[in-house]
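*Asks:* coords below, sequence missing:
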(Lines give C-alpha, C1' and ligand atoms only; values in the text may rest on other atoms or scores of the structure.)
Protein backbone atom coordinates (compact mmCIF):
# COMPACT_ATOMS: atom_id res chain seq x y z
CA UNK A 1 0.00 0.00 0.00
CA UNK A 2 1.38 3.35 -0.98
CA UNK A 3 1.91 5.72 1.89
CA UNK A 4 0.66 9.28 1.36
CA UNK A 5 3.16 12.05 1.87
CA UNK A 6 0.38 14.12 3.42
CA UNK A 7 -1.25 13.54 6.80
CA UNK A 8 -5.02 13.06 6.32
CA UNK A 9 -5.81 16.60 7.42
CA UNK A 10 -3.45 18.02 4.77
CA UNK A 11 -4.09 15.73 1.83
CA UNK A 12 -4.46 17.27 -1.64
CA UNK A 13 -8.18 16.53 -1.44
CA UNK A 14 -8.43 18.22 1.93
CA UNK A 15 -6.28 21.41 1.66
CA UNK A 16 -5.69 23.51 4.75
CA UNK A 17 -8.08 26.32 5.44
CA UNK A 18 -6.23 29.62 5.45
CA UNK A 19 -7.88 32.01 7.87
CA UNK A 20 -7.59 35.59 6.80
CA UNK A 21 -6.46 37.95 9.52
CA UNK A 22 -9.17 40.26 10.76
CA UNK A 23 -8.43 43.70 9.31
CA UNK A 24 -7.30 46.17 11.94
CA UNK A 25 -9.80 49.04 12.21
CA UNK A 26 -8.62 52.41 10.97
CA UNK A 27 -10.00 55.56 12.54
CA UNK A 28 -10.17 58.69 10.37
CA UNK A 29 -11.01 62.28 11.19
CA UNK A 30 -13.13 64.60 9.02
CA UNK A 31 -10.03 65.56 7.01
CA UNK A 32 -9.13 61.98 6.11
CA UNK A 33 -6.24 61.72 8.56
CA UNK A 34 -5.87 58.39 10.36
CA UNK A 35 -5.95 58.66 14.16
CA UNK A 36 -3.77 55.91 15.59
CA UNK A 37 -1.59 57.51 18.26
CA UNK A 38 -2.74 58.44 21.79
CA UNK A 39 -0.70 60.63 24.11
CA UNK A 40 -1.99 59.72 27.54
CA UNK A 41 -1.15 62.05 30.44
CA UNK A 42 -1.14 60.06 33.66
CA UNK A 43 -0.58 63.08 35.93
CA UNK A 44 -0.36 66.86 35.82
CA UNK A 45 2.37 66.88 38.48
CA UNK A 46 6.04 67.40 37.73
CA UNK A 47 9.22 67.37 39.81
CA UNK A 48 10.88 70.08 37.68
CA UNK A 49 9.83 73.70 37.18
CA UNK A 50 11.00 74.43 33.63
CA UNK A 51 10.39 78.11 32.98
CA UNK A 52 8.99 77.45 29.49
CA UNK A 53 6.40 75.09 30.94
CA UNK A 54 5.18 76.90 34.05
CA UNK A 55 5.81 79.93 36.27
CA UNK A 56 8.46 79.65 38.99
CA UNK A 57 5.83 79.21 41.69
CA UNK A 58 4.43 76.24 39.77
CA UNK A 59 0.82 75.66 38.84
CA UNK A 60 -2.23 74.69 40.82
CA UNK A 61 -2.33 70.93 40.60
CA UNK A 62 -5.60 69.04 40.44
CA UNK A 63 -6.88 67.27 43.56
CA UNK A 64 -6.25 63.54 43.31
CA UNK A 65 -9.95 62.74 42.94
CA UNK A 66 -10.13 64.90 39.82
CA UNK A 67 -7.47 62.86 38.02
CA UNK A 68 -8.54 59.86 35.99
CA UNK A 69 -7.95 56.58 37.77
CA UNK A 70 -5.88 53.92 36.08
CA UNK A 71 -9.06 51.89 35.58
CA UNK A 72 -10.70 54.82 33.78
CA UNK A 73 -7.63 55.26 31.58
CA UNK A 74 -7.64 51.57 30.70
CA UNK A 75 -11.31 51.69 29.77
CA UNK A 76 -10.91 54.72 27.51
CA UNK A 77 -7.75 53.38 25.90
CA UNK A 78 -9.47 50.07 25.25
CA UNK A 79 -12.33 51.83 23.50
CA UNK A 80 -9.91 53.89 21.41
CA UNK A 81 -7.96 50.75 20.52
CA UNK A 82 -11.20 49.21 19.29
CA UNK A 83 -11.66 52.21 17.02
CA UNK A 84 -8.14 52.09 15.58
CA UNK A 85 -5.61 53.56 18.01
CA UNK A 86 -2.58 51.29 18.13
CA UNK A 87 0.16 53.31 19.83
CA UNK A 88 0.14 54.91 23.29
CA UNK A 89 2.74 57.28 24.68
CA UNK A 90 2.53 58.01 28.40
CA UNK A 91 3.22 61.60 29.37
CA UNK A 92 2.64 63.96 32.27
CA UNK A 93 3.63 66.15 34.03
CA UNK A 94 6.28 63.60 34.79
CA UNK A 95 4.83 60.08 34.51
CA UNK A 96 7.05 58.56 37.21
CA UNK A 97 5.69 61.00 39.80
CA UNK A 98 2.53 58.87 39.81
CA UNK A 99 2.68 55.69 41.85
CA UNK A 100 2.43 52.24 40.29
CA UNK A 101 3.16 53.50 36.81
CA UNK A 102 4.98 50.39 35.60
CA UNK A 103 2.21 47.94 36.65
CA UNK A 104 -0.25 50.21 34.84
CA UNK A 105 1.93 50.10 31.73
CA UNK A 106 1.91 46.30 31.90
CA UNK A 107 -1.90 46.26 31.92
CA UNK A 108 -2.02 48.82 29.14
CA UNK A 109 0.22 46.68 26.94
CA UNK A 110 -2.21 43.78 27.27
CA UNK A 111 -5.15 45.67 25.76
CA UNK A 112 -6.22 44.15 22.42
CA UNK A 113 -5.14 46.34 19.53
CA UNK A 114 -2.39 48.22 21.35
CA UNK A 115 0.83 47.42 19.52
CA UNK A 116 3.28 49.87 21.08
CA UNK A 117 3.75 51.55 24.45
CA UNK A 118 6.26 54.37 24.79
CA UNK A 119 7.05 57.10 27.28
CA UNK A 120 8.09 60.73 27.62
CA UNK A 121 10.07 61.52 30.77
CA UNK A 122 12.37 64.16 32.21
CA UNK A 123 14.61 61.34 33.43
CA UNK A 124 14.98 62.38 37.06
CA UNK A 125 13.18 59.33 38.51
CA UNK A 126 13.45 56.99 35.56
CA UNK A 127 16.79 55.16 35.78
CA UNK A 128 15.77 52.58 38.44
CA UNK A 129 12.78 51.57 36.29
CA UNK A 130 14.70 51.02 33.03
CA UNK A 131 15.04 47.21 33.46
CA UNK A 132 11.27 46.99 33.97
CA UNK A 133 10.63 49.11 30.88
CA UNK A 134 12.86 46.81 28.85
CA UNK A 135 11.01 43.71 30.13
CA UNK A 136 7.71 45.31 29.12
CA UNK A 137 8.97 45.71 25.58
CA UNK A 138 9.16 49.51 25.61
CA UNK A 139 11.17 50.30 22.48
CA UNK A 140 11.34 54.10 22.58
CA UNK A 141 11.66 56.71 25.31
CA UNK A 142 11.56 60.46 24.71
CA UNK A 143 13.91 62.18 27.15
CA UNK A 144 13.48 65.89 27.79
CA UNK A 145 16.94 67.50 27.96
CA UNK A 146 17.57 71.13 27.00
CA UNK A 147 21.23 71.46 27.97
CA UNK A 148 24.29 69.45 29.00
CA UNK A 149 25.53 72.28 31.20
CA UNK A 150 24.68 71.69 34.84
CA UNK A 151 24.34 75.35 35.77
CA UNK A 152 22.07 76.11 32.81
CA UNK A 153 20.04 72.98 33.51
CA UNK A 154 19.43 74.25 37.04
CA UNK A 155 18.51 77.67 35.69
CA UNK A 156 16.07 76.32 33.09
CA UNK A 157 14.42 73.66 35.28
CA UNK A 158 14.91 75.40 38.64
CA UNK A 159 16.25 72.08 39.93
CA UNK A 160 19.82 70.67 40.07
CA UNK A 161 19.08 67.24 38.60
CA UNK A 162 21.23 66.92 35.46
CA UNK A 163 23.35 64.00 36.75
CA UNK A 164 20.25 61.87 37.34
CA UNK A 165 18.93 62.67 33.86
CA UNK A 166 22.23 61.60 32.30
CA UNK A 167 22.14 58.39 34.36
CA UNK A 168 18.78 57.67 32.76
CA UNK A 169 20.12 58.39 29.26
CA UNK A 170 22.94 55.88 29.57
CA UNK A 171 20.77 53.28 31.35
CA UNK A 172 18.27 53.41 28.49
CA UNK A 173 20.99 52.99 25.87
CA UNK A 174 22.55 50.09 27.76
CA UNK A 175 19.14 48.40 27.90
CA UNK A 176 18.77 48.69 24.12
CA UNK A 177 15.90 51.18 24.32
CA UNK A 178 15.85 53.79 21.57
CA UNK A 179 16.22 57.32 22.94
CA UNK A 180 14.89 60.52 21.42
CA UNK A 181 16.22 63.58 23.22
CA UNK A 182 13.79 66.50 23.09
CA UNK A 183 15.37 69.94 23.45
CA UNK A 184 13.29 73.11 23.39
CA UNK A 185 15.19 75.92 21.62
CA UNK A 186 14.98 79.10 23.69
CA UNK A 187 16.47 82.41 22.66
CA UNK A 188 18.87 83.74 25.29
CA UNK A 189 18.66 80.55 27.34
CA UNK A 190 20.24 77.53 25.67
CA UNK A 191 21.41 78.50 22.18
CA UNK A 192 24.99 77.67 23.18
CA UNK A 193 23.77 74.16 24.00
CA UNK A 194 22.42 73.28 20.56
CA UNK A 195 25.78 72.11 19.21
CA UNK A 196 26.85 70.09 22.28
CA UNK A 197 23.48 68.34 22.21
CA UNK A 198 23.79 67.70 18.47
CA UNK A 199 27.28 66.31 19.02
CA UNK A 200 25.80 63.52 21.14
CA UNK A 201 24.76 61.92 17.86
CA UNK A 202 28.38 61.58 16.79
CA UNK A 203 29.17 58.80 19.26
CA UNK A 204 25.75 57.68 20.49
CA UNK A 205 22.87 56.04 18.58
CA UNK A 206 20.39 58.68 19.72
CA UNK A 207 18.08 61.08 17.96
CA UNK A 208 18.37 64.66 19.19
CA UNK A 209 15.28 66.70 18.29
CA UNK A 210 15.20 70.47 18.50
CA UNK A 211 11.73 71.88 19.15
CA UNK A 212 10.44 75.37 18.51
CA UNK A 213 9.37 76.99 21.76
CA UNK A 214 5.59 77.00 22.21
CA UNK A 215 3.27 79.15 24.34
CA UNK A 216 2.27 76.38 26.75
CA UNK A 217 3.93 77.92 29.77
CA UNK A 218 1.07 78.68 32.12
CA UNK A 219 1.33 82.39 31.29
CA UNK A 220 4.98 82.82 32.28
CA UNK A 221 5.81 84.63 29.01
CA UNK A 222 4.39 85.28 25.56
CA UNK A 223 5.44 84.80 21.94
CA UNK A 224 3.88 84.44 18.50
CA UNK A 225 4.99 82.38 15.49
CA UNK A 226 5.82 85.61 13.63
CA UNK A 227 8.12 86.86 16.39
CA UNK A 228 9.68 83.51 17.34
CA UNK A 229 13.44 84.20 17.29
CA UNK A 230 14.42 80.57 16.67
CA UNK A 231 12.02 78.97 14.21
CA UNK A 232 12.69 75.71 12.40
CA UNK A 233 14.45 77.47 9.51
CA UNK A 234 16.92 79.23 11.76
CA UNK A 235 17.58 76.10 13.81
CA UNK A 236 18.43 74.15 10.67
CA UNK A 237 20.69 76.90 9.33
CA UNK A 238 22.54 77.10 12.65
CA UNK A 239 23.14 73.35 12.78
CA UNK A 240 24.23 73.12 9.15
CA UNK A 241 26.62 76.06 9.50
CA UNK A 242 28.41 74.37 12.39
CA UNK A 243 28.07 70.64 11.64
CA UNK A 244 28.21 70.55 7.87
CA UNK A 245 25.60 69.25 5.48
CA UNK A 246 22.38 67.98 7.02
CA UNK A 247 21.19 65.12 4.83
CA UNK A 248 17.39 64.78 4.90
CA UNK A 249 15.90 61.42 5.87
CA UNK A 250 12.55 60.42 4.33
CA UNK A 251 9.66 61.01 6.74
CA UNK A 252 6.52 58.98 7.29
CA UNK A 253 2.92 60.18 7.58
CA UNK A 254 2.34 61.40 11.12
CA UNK A 255 5.97 62.38 11.76
CA UNK A 256 6.31 65.68 13.57
CA UNK A 257 10.07 65.99 13.03
CA UNK A 258 12.11 66.64 9.91
CA UNK A 259 14.99 64.17 10.23
CA UNK A 260 18.61 64.58 9.16
CA UNK A 261 21.85 62.65 9.29
CA UNK A 262 25.35 64.09 9.50
CA UNK A 263 28.36 62.37 7.98
CA UNK A 264 30.29 60.44 10.62
CA UNK A 265 27.50 60.52 13.21
CA UNK A 266 25.90 57.35 14.61
CA UNK A 267 22.65 59.03 15.52
CA UNK A 268 20.51 61.57 13.74
CA UNK A 269 18.98 65.00 14.24
CA UNK A 270 15.38 66.14 14.16
CA UNK A 271 13.73 69.55 14.00
CA UNK A 272 10.12 69.97 15.12
CA UNK A 273 8.22 73.02 13.88
CA UNK A 274 5.87 72.82 16.84
CA UNK A 275 4.84 76.48 16.83
CA UNK A 276 5.04 77.04 13.07
CA UNK A 277 2.77 73.98 12.76
CA UNK A 278 4.00 72.65 9.44
CA UNK A 279 2.98 69.03 10.03
CA UNK A 280 -0.72 69.38 10.80
CA UNK A 281 -1.76 67.89 7.45
CA UNK A 282 -0.74 64.39 8.50
CA UNK A 283 -1.22 64.62 12.27
CA UNK A 284 -2.35 61.25 13.68
CA UNK A 285 -2.34 62.19 17.38
CA UNK A 286 -4.96 62.42 20.07
CA UNK A 287 -4.37 63.64 23.61
CA UNK A 288 -6.08 62.60 26.82
CA UNK A 289 -5.29 64.90 29.73
CA UNK A 290 -4.84 63.67 33.26
CA UNK A 291 -8.28 65.02 34.19
CA UNK A 292 -9.97 63.23 31.30
CA UNK A 293 -10.16 65.94 28.67
CA UNK A 294 -9.90 64.90 25.05
CA UNK A 295 -7.78 67.15 22.83
CA UNK A 296 -7.82 66.42 19.11
CA UNK A 297 -5.20 69.15 18.62
CA UNK A 298 -2.49 70.43 20.93
CA UNK A 299 -3.79 73.98 20.39
CA UNK A 300 -7.48 73.39 21.10
CA UNK A 301 -9.09 74.08 24.46
CA UNK A 302 -10.28 70.50 24.93
CA UNK A 303 -13.19 69.18 22.95
CA UNK A 304 -14.75 66.54 25.21
CA UNK A 305 -14.98 65.96 28.97
CA UNK A 306 -14.63 62.20 29.15
CA UNK A 307 -14.29 62.14 32.93
CA UNK A 308 -17.78 63.60 33.28
CA UNK A 309 -19.19 60.92 30.98
CA UNK A 310 -17.38 58.15 32.82
CA UNK A 311 -18.47 59.29 36.25
CA UNK A 312 -22.11 59.75 35.30
CA UNK A 313 -22.29 56.12 34.21
CA UNK A 314 -22.10 56.45 30.43
CA UNK A 315 -22.04 53.01 28.75
CA UNK A 316 -19.38 52.17 26.18
CA UNK A 317 -21.60 52.89 23.18
CA UNK A 318 -22.30 56.41 24.47
CA UNK A 319 -18.58 57.03 24.99
CA UNK A 320 -17.78 55.77 21.49
CA UNK A 321 -20.50 58.00 20.01
CA UNK A 322 -19.11 61.05 21.81
CA UNK A 323 -15.56 60.24 20.69
CA UNK A 324 -16.69 59.71 17.11
CA UNK A 325 -18.47 63.06 17.08
CA UNK A 326 -15.28 64.79 18.26
CA UNK A 327 -13.21 63.09 15.55
CA UNK A 328 -15.71 64.17 12.88
CA UNK A 329 -15.28 67.79 13.95
CA UNK A 330 -11.51 68.04 14.27
CA UNK A 331 -9.76 71.28 13.37
CA UNK A 332 -7.84 71.24 10.10
CA UNK A 333 -4.68 72.53 11.77
CA UNK A 334 -3.32 74.16 14.89
CA UNK A 335 -4.13 77.66 13.72
CA UNK A 336 -7.81 76.82 13.25
CA UNK A 337 -7.87 75.06 16.62
CA UNK A 338 -6.31 78.10 18.29
CA UNK A 339 -8.82 80.44 16.62
CA UNK A 340 -11.68 78.41 18.11
CA UNK A 341 -10.49 78.87 21.69
CA UNK A 342 -12.70 81.17 23.77
CA UNK A 343 -11.16 84.61 24.27
CA UNK A 344 -10.66 83.96 27.98
CA UNK A 345 -8.58 80.88 27.14
CA UNK A 346 -6.11 82.52 24.78
CA UNK A 347 -3.54 82.56 27.59
CA UNK A 348 -2.24 79.05 27.10
CA UNK A 349 -2.15 76.53 29.89
CA UNK A 350 0.97 74.76 31.12
CA UNK A 351 2.21 71.84 29.06
CA UNK A 352 2.24 69.93 32.35
CA UNK A 353 -1.57 69.99 32.39
CA UNK A 354 -1.88 69.02 28.71
CA UNK A 355 0.52 66.10 28.49
CA UNK A 356 3.85 66.86 26.82
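*Replies:* Structure's in. What do you need? Every value quoted in this text rests on a predicted model; they were computed, and no experiment measured them.

*Asks:* quick one, what contacts residue 260?
*Replies:* Applying Cβ atoms under 8 Å, 6 or more residues apart in numbering to residue 260 gives the contacts 236, 239, 246-249, 268-271. For the C-beta atoms, the positions are set from N, CA and C on the backbone; glycine is no exception.

*Asks:* can you list contacts of the longest strand seen in the chain?
*Replies:* Assignment by DSSP state E gives strand 178-185 as the longest strand of the chain. The contact list for strand 178-185 (Cβ under 8 Å, 6+ apart) reads 52, 120, 139-147, 169, 172-173, 190-191, 193-194, 197, 200, 205-213, 230, 235, 270.

*Asks:* Flag the shaky bits of the stretch 51-200 of the chain, pLDDT-wise.
*Replies:* 58 (pLDDT under 70).

*Asks:* quick one: the strands in it?
*Replies:* With DSSP state E, counting those that start in this stretch as the criterion, the stretch 51-200 of the chain has strands at 87-91, 116-121, 140-144, 178-185.

*Asks:* Let's have those strands in JSON lines, adding mean neighbour count and distance to residue 332.
*Replies:* Below are the strands of the stretch 51-200 of the chain laid out as JSON lines (neighbours: other Cβ atoms under 10 Å; distance: least, Cβ to Cβ, whole Å):
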{"stretch": "strand 87-91", "mean neighbour count": "23", "distance to residue 332": "23"}
{"stretch": "strand 116-121", "mean neighbour count": "21", "distance to residue 332": "26"}
{"stretch": "strand 140-144", "mean neighbour count": "21", "distance to residue 332": "26"}
{"stretch": "strand 178-185", "mean neighbour count": "22", "distance to residue 332": "26"}
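
*Asks:* hey, where'd the helices end up in the chain?
*Replies:* Per DSSP state H, the chain carries helices over the ranges 70-83, 101-109, 130-136, 150-157, 162-174, 194-203, 232-243, 306-311, 316-327, 334-339, 351-354.

*Asks:* what about these, which gets the closest to residue 257?
*Replies:* With Cβ to Cβ, the closest approach to residue 257 among those belongs to helix 232-243: 9.7 Å.

*Asks:* So for the closest one, mean pLDDT?
*Replies:* Helix 232-243 carries an average pLDDT of 97.

*Asks:* And for stretch 338-355?
*Replies:* For stretch 338-355, mean pLDDT rounds to 64.

*Asks:* just checking, residue 46 touches residue 92?
*Replies:* Yes. Counting by Cβ atoms under 8 Å, residue 46 touches residue 92, with 6.0 Å between them.

*Asks:* list the contacts for the spatially closest residue to residue 100 that is not a sequence neighbour?
*Replies:* Of all residues not flanking residue 100 in the chain, residue 70 sits nearest, at 7.3 Å (Cβ to Cβ, 6 or more residues apart in numbering). With contact set as Cβ under 8 Å, 6+ apart, residue 70 has these partners: 100, 104, 107.
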